[in-house]
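[1] When you get a sec, could you give me coordinates for this:
(chains A, B, C and D)
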There are 2 protein chains.
Amino acid sequence: MMNPLVTRLRTLTSLTEDDLQLLARACGLTLGVAARTDIHPEGYRPDSLHILVEGWAARFKLLPDGRRQIPAVFVPGDVCDLDGLLLKRIHSGVCALTACTVAVLPLTQVRELMDRSPAIREAIWWLQCVENAVSAEWSIGLGRRSADERMAHLLCELLVRLSTVGLSSENRYPLPVTQADLGDALGLSTVHVNRTLQELRGRGLISLEGRWLTIHDYDAVKAIAGFDSDYLHIEGPRPMVERHAPARLGPDASVEG
Amino acid sequence: MMNPLVTRLRTLTSLTEDDLQLLARACGLTLGVAARTDIHPEGYRPDSLHILVEGWAARFKLLPDGRRQIPAVFVPGDVCDLDGLLLKRIHSGVCALTACTVAVLPLTQVRELMDRSPAIREAIWWLQCVENAVSAEWSIGLGRRSADERMAHLLCELLVRLSTVGLSSENRYPLPVTQADLGDALGLSTVHVNRTLQELRGRGLISLEGRWLTIHDYDAVKAIAGFDSDYLHIEGPRPMVERHAPARLGPDASVEG
DNA sequence: CGTGAGGTTGAAATGAGTCAACAGCTGTGG
DNA sequence: CCACAGCTGTTGACTCATTTCAACCTCACG
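    Presented below is the predicted three-dimensional model:
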């Protein structure tokens, strides 16, 4: 059973095996978090990074009257509070949507890792760039897409993201969140989420049984959403640091493209 | 006439004068961009960073049918394409809302700067964290706030951001954008932007003459918006790199907590 | 003096929210 | 083993914020 962040970085970046092992070891210390509890509250002064190993979580913001918005959802392999490295305070909370396992990395340790390996530093930075790009895509959803389009788009995004960490296959994945959670992510009311899902089910495009989602007609759903996975940057970052030449292998026996 | 990015970093970070000068010199080469033209298009393969020195710009995303969303606006002192450092491709465009002057820093030069000074590297990273935080705040606006609240919030945010680069005083600043632009940032139709502004004007809270905005009753506008400037992180980043000890001060004369 | 961009207005249409009730399921404690 | 409580999902009727459409106005600019 591998750490999903390592899985993801192994595929997407050109971190060396050394780097990956360094990371994997750093994630050794994990913590169980009960569903519906905060991984950290709004206004948190970060002292560690939280890497989601199992379960789903979400960044959230609350308005005084109780309205809630979820500007980002996290699935295994995501870091919940990347900003914590540089910001004195994180003004959004992170809450566990399901029971979660998180790896807790004290900031001091993260800094050490980054100092030891510039490649790791940049992988972390890259993760943040990707989060940013996703966030921009969500903006256009919230600002300009209709309810159907938004929902379809989210379902497509989750399919792709879960695939990269091996948690989805055959256009099918667990969707262990409530319709209220979906509403808070999509900027819709719970009732409207319900009706939107029914609409998609009614058209035979998806089905949702026992909190497992199946996308029967991915092309159609993609078309509704106007979904194009490019913004998820599943092709990895641009090369930036010079890597130290790895232990001499056979003539150019590169293991992975 | 100073580079506004330098102004901002001087106030907010503890970059040394050397670092600031390094940066300022790097921004020497500037480029004029006409209003309503792209600083870079959607799907740009970045080769340089664009720092806004004068004028307003915006990140944008287009839907095939012409709907447009502006997930971020840039004012002098902002970097328009921070992600360009790590991403192979930037999927949102940046367009000049007014005539602009931008400093163009080739990526190679930026990397050089960051290698030479880890403090600069982290200042840049920090800027990105802040952009992220702003983006999360915009999400809650788009997803959960009413038109009035959104508008009020944006006007407050701009007041604070412009103040930090010395472009606003007395609750008054130039707002050189069209109502259509505002709509695309707020996820509203142009018509509704118009009515929302009228509402605020009618209540005597703001006025808008010749593209200058005055906020007559900042407290009231803040209250409508539920605005709290914390998310803009105008208190600067957390200390992270060890700075090279500055000229020896008194025993432990730490300047800042 | 014409032209076009940006702003303003009114009326009608509509997508999504709200409210309220109910159904189904799960876990819990008696 | 059952009864109950509470959360999640579902449904219908109604309301309302915001959009759309279309016209018109103003002003800067060539």
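
[2] residues contacting the closest residue to residue A:82 other than its chain neighbours?
    Nearest residue to residue A:82 in three dimensions, chain neighbours excluded: residue A:128, at 4.7 Å (C-beta to C-beta, 6 or more residues apart in numbering or on different chains). Where C-beta positions appear, they are placed from N, C-alpha and C, glycine not excepted. Counting by C-beta atoms under 8 Å, 6 or more residues apart in numbering or on different chains, residue A:128 makes contact with A:82, A:83, B:128, B:129, B:132.

[3] For residue A:128, give its distance to DNA strand D.
    30 Å (C-beta to the nearest atom of the strand, to the nearest Å).

[4] That residue: helix or strand, and which one exactly?
    helix A:118-144 (DSSP states H and E).

[5] same for the strand or helix carrying residue A:222, what does it pack against?
    Here residue A:222 sits within helix A:218-225, counting by DSSP H and E. Applying 3 or more C-beta pairs under 8 Å, 6 or more residues apart in numbering or on different chains; DSSP states H and E, we find helix A:218-225 packed against helix A:147-164.

[6] Would you mind listing what in chain A touches DNA strand C?
    Proximity of chain A to DNA strand C, by C-beta under 7 Å from any atom of the strand, involves residues A:146, A:147, A:148, A:187, A:188, A:189, A:191, A:192.

[7] Pretty sure the second one sits against residue A:191.
    No: taking C-beta atoms under 8 Å as the contact criterion, residue A:147 and residue A:191 are not neighbours in contact, 11.0 Å apart.

[8] quick one, which of those two is more surrounded?
    Legend: neighbour count by other C-beta atoms under 10 Å in any protein chain shown for residue A:147 and residue A:191, higher for residue A:147 (17 against 10).

[9] Now do the contacts for that one.
    A:186, A:188, A:192, A:196.

[10] Report the separation between the last one and residue A:182.
    Right, the one you point to is residue A:196. 9 Å (C-beta to C-beta, to the nearest Å).

[11] What of the third one?
    Counting by C-beta to C-beta, the gap from residue A:192 to residue A:182 is 10 Å.

[12] more neighbours, those two?
    Higher neighbour count among residue A:192 and residue A:182: residue A:182, with 22 against 15, using other C-beta under 10 Å.

[13] Show the contacting residues for that one.
    A:151, A:154, A:188, A:193.

[14] What is the least confident helix or strand in chain A?
    helix A:4-12 (a mean of 91; mean pLDDT, DSSP states H and E).

[15] what's the angle between the very next helix or strand once past it and helix A:118-144?
    Next in sequence after helix A:4-12, counting helices and strands by DSSP H and E, comes helix A:17-26. Angle, helix A:17-26 to helix A:118-144, by axes from the mean of the first three to the mean of the last three C-alpha atoms, to 10 degrees: 70 degrees.

[16] What pLDDT does the model give the closest residue to residue A:89 other than its chain neighbours?
    Spatially, and ignoring its direct neighbours in sequence, residue A:89 is nearest to residue A:45 (5.5 Å; C-beta to C-beta, 6+ apart). For residue A:45, the model assigns a pLDDT of 95.

[17] From residue A:234, how far out is residue A:7?
    13 Å.

[18] Now the stretch 151-257 of chain A against DNA strand C: closest residue?
    residue A:192 (3.0 Å; C-beta to the nearest atom of the strand).

[19] so residue A:134 makes contact with residue A:71?
    No: with contacts counted by C-beta under 8 Å, residue A:134 stays clear of residue A:71, the gap being 9.7 Å.

[20] The two: which has the busier surroundings?
    residue A:71 (26 against 18).

[21] quick revisit: between residue A:196 and residue A:182, what contacts are shared?
    With C-beta under 8 Å, 6+ apart as the test, residue A:196 and residue A:182 both reach A:151, A:188.

[22] For the residue lying closest to residue A:220 once chain neighbours are set aside, grab the count of nearby residues.
    Leaving aside its sequence neighbours, residue A:220 sits nearest to residue A:205 (C-beta to C-beta, 6+ apart; 5.3 Å). For residue A:205, the tally of surrounding residues (other C-beta under 10 Å) stands at 20.

[23] picking up where we left off before, scan the contacts of residue A:182 and report the most crowded one.
    residue A:151 (27 neighbours).

[24] May I ask which helix or strand encompasses the residue lying closest to that residue once chain neighbours are set aside?
    Counting by C-beta to C-beta, 6+ apart, residue A:196 is the residue found nearest to residue A:151 once chain neighbours are left out, at 4.8 Å. In this assignment (DSSP H and E), residue A:196 forms part of helix A:190-202.

[25] can I get the CA coordinates of that helix in PDB?
    Listed next in PDB are the C-alpha coordinates belonging to helix A:190-202 (Å, rounded to 0.1, in the frame of the first residue of the first chain):
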ATOM      1  CA  THR A 190     -28.800  21.100  -1.700                       C
ATOM      2  CA  VAL A 191     -32.100  20.800  -3.300                       C
ATOM      3  CA  HIS A 192     -30.800  21.900  -6.600                       C
ATOM      4  CA  VAL A 193     -27.900  19.500  -6.400                       C
ATOM      5  CA  ASN A 194     -30.400  16.800  -6.000                       C
ATOM      6  CA  ARG A 195     -32.400  17.800  -9.000                       C
ATOM      7  CA  THR A 196     -29.300  18.300 -11.100                       C
ATOM      8  CA  LEU A 197     -28.100  14.800 -10.300                       C
ATOM      9  CA  GLN A 198     -31.500  13.400 -11.100                       C
ATOM     10  CA  GLU A 199     -31.400  15.100 -14.400                       C
ATOM     11  CA  LEU A 200     -28.100  13.500 -15.300                       C
ATOM     12  CA  ARG A 201     -29.300  10.200 -14.100                       C
ATOM     13  CA  GLY A 202     -32.500  10.500 -15.900                       C
END
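
[26] which residues touch it?
    In contact with helix A:190-202 (C-beta under 8 Å, 6+ apart) are residues A:147-148, A:151-152, A:179-180, A:182-183, A:186, A:188, A:206-208, A:221.

[27] In CSV, list those along with pLDDT.
    CSV is the format used below for the contacts of helix A:190-202 (pLDDT from 0 to 100):
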residue, pLDDT
A:147, 98
A:148, 98
A:151, 98
A:152, 98
A:179, 97
A:180, 97
A:182, 98
A:183, 98
A:186, 98
A:188, 98
A:206, 97
A:207, 96
A:208, 94
A:221, 98
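
[28] Out of those residues, which is nearest to DNA strand D?
    Nearest member of the contacts of helix A:190-202 to DNA strand D, counting by C-beta to the nearest atom of the strand, is residue A:179, at 3.5 Å.

[29] need the contact list for that closest one.
    Here residue A:179 is in contact with A:190, A:193, A:194, A:197 (C-beta under 8 Å, 6+ apart).

[30] at 6 Å instead, please
    The contact partners of residue A:179, by C-beta atoms under 6 Å, 6 or more residues apart in numbering or on different chains, come to A:190, A:193, A:194.

[31] Mind putting those into JSON lines with pLDDT?
    Listed next are the contacts of residue A:179 as JSON lines, based on pLDDT from 0 to 100:
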{"residue": "A:190", "pLDDT": "98"}
{"residue": "A:193", "pLDDT": "98"}
{"residue": "A:194", "pLDDT": "98"}
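
[32] In JSON lines: the residues you listed, plus distance to residue B:98.
    Shown next, in JSON lines, are the contacts of residue A:179 (distance: C-beta to C-beta, whole Å):
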{"residue": "A:190", "distance to residue B:98": "42"}
{"residue": "A:193", "distance to residue B:98": "40"}
{"residue": "A:194", "distance to residue B:98": "44"}
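
[33] any idea which of these is closest to residue B:53?
    Nearest to residue B:53 among these is residue A:193, at 44.5 Å by C-beta to C-beta.

[34] Tell me if I'm right that residue A:224 and residue A:153 touch.
    No: Residue A:224 lies out of contact with residue A:153 (C-beta atoms under 6 Å); the separation is 8.2 Å.

[35] List the residue ranges of the stretch 101-250 of chain A that fall below the pLDDT cut-off.
    A:236, A:238-250 (pLDDT under 70).
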